[in-house]
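Chemist: Here's my sequence, what's the structure:
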Amino acid sequence: MATENTLLKIKKSIEPYVGKRVKIKANRGRKKIFEQEGILEKVYPSIFVVRVEEAPDSIRRISYSYSDILTETVQLMPCPKEKSAN
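Modeler: Take a look at the predicted model:
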């Protein structure tokens, strides 16, 4: 069983990425894997929210709990820095 301390450590490890581009890989069951890039928008006591642009005029917000990361249902990875055009 996950302790409250473990979930707090996961939250603290995610907080530096607020406002930055991240890659989400989520297991939706029955061999369905959702992979998307978005912006980590908010971090709350029990959940975090990622804003995903599906089309130029369509924005979707997806929330996950820290226990999703603990159980490896969701993986959250920072996107590599974008190279500036010279």
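Chemist: Every contact and neighbour count from this point should use C-alpha atoms.
Modeler: Will do.
Chemist: all strands of the chain, in order?
Modeler: 21-27, 33-43, 47-55, 58-65, 74-78 (DSSP state E).
Chemist: Now do the first one against strand 47-55, angle only.
Modeler: This means strand 21-27. 100 degrees (axes from the mean of the first three to the mean of the last three C-alpha atoms, to 10 degrees).
Chemist: all numbers from here: first residue = 172
Modeler: Got it, first residue is 172 now, which makes that one strand 192-198.
Chemist: Surely residue 195 is in contact with residue 206?
Modeler: Yes - counting by C-alpha atoms under 8 Å, residue 195 touches residue 206, with 5.6 Å between them.
Chemist: who has more neighbours, the two?
Modeler: residue 195 (21 against 12; other C-alpha atoms under 10 Å).
Chemist: how far away is the more buried one from residue 248?
Modeler: 7 Å (C-alpha to C-alpha, to the nearest Å).
Chemist: try residue 184
Modeler: For residue 184 relative to residue 248 (C-alpha to C-alpha), the value is 11 Å.
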